[in-house]
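Colleague: Here is my input; please provide its structure:
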Amino acid sequence: MSKLFHVKRNTIVILSAVIFTCLFWNFLGRQKEDVQKRGVFKPSSQTLQPAVDSEGIPQPSIELKSGVFSSEKPLFDQLVDAGMTPRMVQKVVESLKGDVDFRRVKAGVSWDLRFLDDLPCQFTLHLSPIDVFDVHDLGAKPVAIRRQIDVFTEVEYYRGEIQTSLYEAFSHVPKGIGLAVKVAEVFAWDIDFYQDPRKGDHFEFLVETAYVERGGKKEFLNYKRILCGKYFGQRDVFDAYLFEDEKGKDAYYNSKGQSLIRDVLRSPLKFVRVTSSFRGRRFHPILKKRRPHNGVDYGAPKNTPVMAVADGVVKSAGWLGRGAGKGVTIKHKGQMLTQYFHLNKVRKGIKSGKRVRQGQVIGYVGKTGLATGYHLHFGMKIKGKYVNPQKQKFQPGLPISKKRKPAFLSKVREYEQKVASFAGPISLAEIKAAP
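Modeller: Coordinates of the predicted model:
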């Protein structure tokens with residue numbers, strides 16, 4: 001009887017241990033799952049140098065821990081968990097003061113922490129491909145040094161076709177929207193990319209692209225200058241070539257040497273749609289009656305930047321009344337006045353008497369005043385009379401002089417030869433560096 005009791009008791013003990021172990025590992029698994037769901041930071045770690053060399057001689061132990069900025073866990077806590085002391089972290093932050101504002105560092109920015117014989121010796125912050133800071137002597141007085149990053153530029157060729165919009169055509173390339181904006185800026189005086197493009201329009205251009213080398217591989221940095229380009233539209237064909245103007249500044253000209261720059265931009269916004277055109281009378285959605293619509297309405301998201309279409313002097317800025325809401329009016333040469341209504345806010349510094357330049361941001365899209373949704377009402381007066389901005393033709397800038405014409409034509413031929421060197425069918429998503 002006693003022996004049987006001992007057997008049963010041992011069985012119960014073993015079963016209890018098994019159940020406890022299962023419950024314990026299940027608890028750890030749930031904890032791990034919760035940690036993953038919350039995105040709590042856990043640094044990666046790797047050993048960079050073995051404890052002994054090939055001949056068995058002891059070597060310093062070098063270890064690298066890496067992590068990223070996260071909204072879930074402050075950098076201070078990350079570095080303390082990685083092995084730094086609170087005082088050491090404070091000194092690192094102080095050493096970078098003036099170069100880095102840690103309050104503005106975005107999530108996803110990476111950092112590395114190097115250890116020598118289990119002691120932290122170097123902290124590296126990768127703000128961007130060209131903004132890298134190394135902080136040495138963590139155990140004494142940390143010293144921050146900005147790393148020298150070599151940037152190299154390649155000339156690349158793109159061509160593509162419009163299906164819905166210029167923005168969509170660039171959706172499959174690195175930083176596509178930035179490249180689309182650059183192309184739009186080159187042709188901004190000839191093409192209104194909100195209404196002019198048609199399905200089937202196509203384009204080609206050469207662009208300077210900046211890269212940096214990282215880990216033995218080239219890493220995209222940004223796009224520089226558009227060197228030349230052509231836009232084949234159903235309505236017309238436009239070309240552009242980069243060449244210095246009389247003052248030595250970069251400017252764009254067509255193949256005839258005529259400046260692409262006009263006194264007035266075709267539109268005060270980029271990549272938005274026209275929701276209501278200039279017309280003699282239309283039904284007002286708020287006032288519920290027909291009245292003249294003396295301008296063009298551009299639908300755009302809240303706080304989309306609004307640009308001055310030409311150089312001028314601000315006549316009024318701020319609250320312009322119940323109908324216009326917040327807005328800006330600008331006087332230009334040639335007795336022209338432009339209006340920008342329903343803004344969410346006027347840009348700081350824009351006030352009556354302020355001189356503004358063509359393309360300068362003066363405010364941000366809103367729906368103040370009599371507006372049902374976010375949009376910009378753009379109006380234009382010439383000699384005191386409202387005109388349709390979309391139908392105005394403005395004179396171009398100075399053409400290439402006769403003296404400089406041979407040099408310009410030589411540059412055009414150089415661009416054309418480079419474009420011709422990119423043979424074969426190339427889609428927009430494909431990139432090929434110029435030889």
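Colleague: Which residue ranges of the chain form helices?
Modeller: For the chain, the helices defined by DSSP state H cover 2-38, 75-82, 86-95, 166-169, 176-186, 405-420.
Colleague: hey, C-alpha coordinates of stretch 307-316 in CSV?
Modeller: In CSV, the C-alpha atoms belonging to stretch 307-316 read as follows (Å, rounded to 0.1, in the frame of the first residue of the first chain):
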residue,chain,number,x,y,z
MET,A,307,2.9,79.1,-55.3
ALA,A,308,3.0,82.7,-56.6
VAL,A,309,2.7,82.3,-60.4
ALA,A,310,4.9,85.4,-61.0
ASP,A,311,7.1,87.9,-59.3
GLY,A,312,5.2,90.7,-57.6
VAL,A,313,4.2,92.5,-54.5
VAL,A,314,1.6,91.2,-52.0
LYS,A,315,-1.4,93.5,-52.0
SER,A,316,-3.3,91.8,-49.2
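Colleague: just how off-centre is it within its chain?
Modeller: Chain-centre distance of stretch 307-316: 26 Å, with CA atoms, centre = their mean, to the nearest Å.
Colleague: average model confidence for that stretch?
Modeller: Regarding stretch 307-316, the rounded mean pLDDT is 93.
Colleague: ok, now stretch 399-408?
Modeller: 93.
Colleague: quick one: contacts of that stretch?
Modeller: Stretch 399-408 has contacts (CB atoms under 8 Å, 6 or more residues apart in numbering) with 241, 243, 246, 253, 256, 257, 258, 259. (Each C-beta comes from the backbone N, C-alpha and C, glycine too.)
Colleague: Figure out the length between the terminal residues of it.
Modeller: Using CA to CA, to the nearest Å, the end-to-end distance of stretch 399-408 comes to 11 Å.
Colleague: for that stretch, which positions count as buried?
Modeller: By neighbour count with 16 or more other CB atoms under 10 Å, stretch 399-408 contains the buried residues 400, 408.
Colleague: Now do the residue nearest to residue 88 when sequence neighbours are not counted, the pLDDT please.
Modeller: Nearest residue to residue 88, sequence neighbours excluded (CB to CB, 6 or more residues apart in numbering): residue 138, at 5.5 Å. As predicted, residue 138 sits at a pLDDT of 87.
Colleague: For the contacts of stretch 399-408, work out which two are farthest apart.
Modeller: Spatially, the most separated pair among these is 246 and 256, at 17.2 Å (CB to CB).
Colleague: Show me what the top strand by length along the chain is packed up against.
Modeller: Longest strand in the chain, counting residues (DSSP state E): strand 217-232. Contacts defined by 3 or more CB pairs under 8 Å, 6 or more residues apart in numbering; DSSP states H and E place strand 217-232 against strand 151-161, helix 176-186, strand 202-214, strand 237-244, helix 405-420.
Colleague: Can you list the low-confidence ranges for this structure?
Modeller: Within the chain, the ranges that satisfy pLDDT under 70 run 1-60, 194, 271-292, 423-435.
Colleague: No further questions, thank you.
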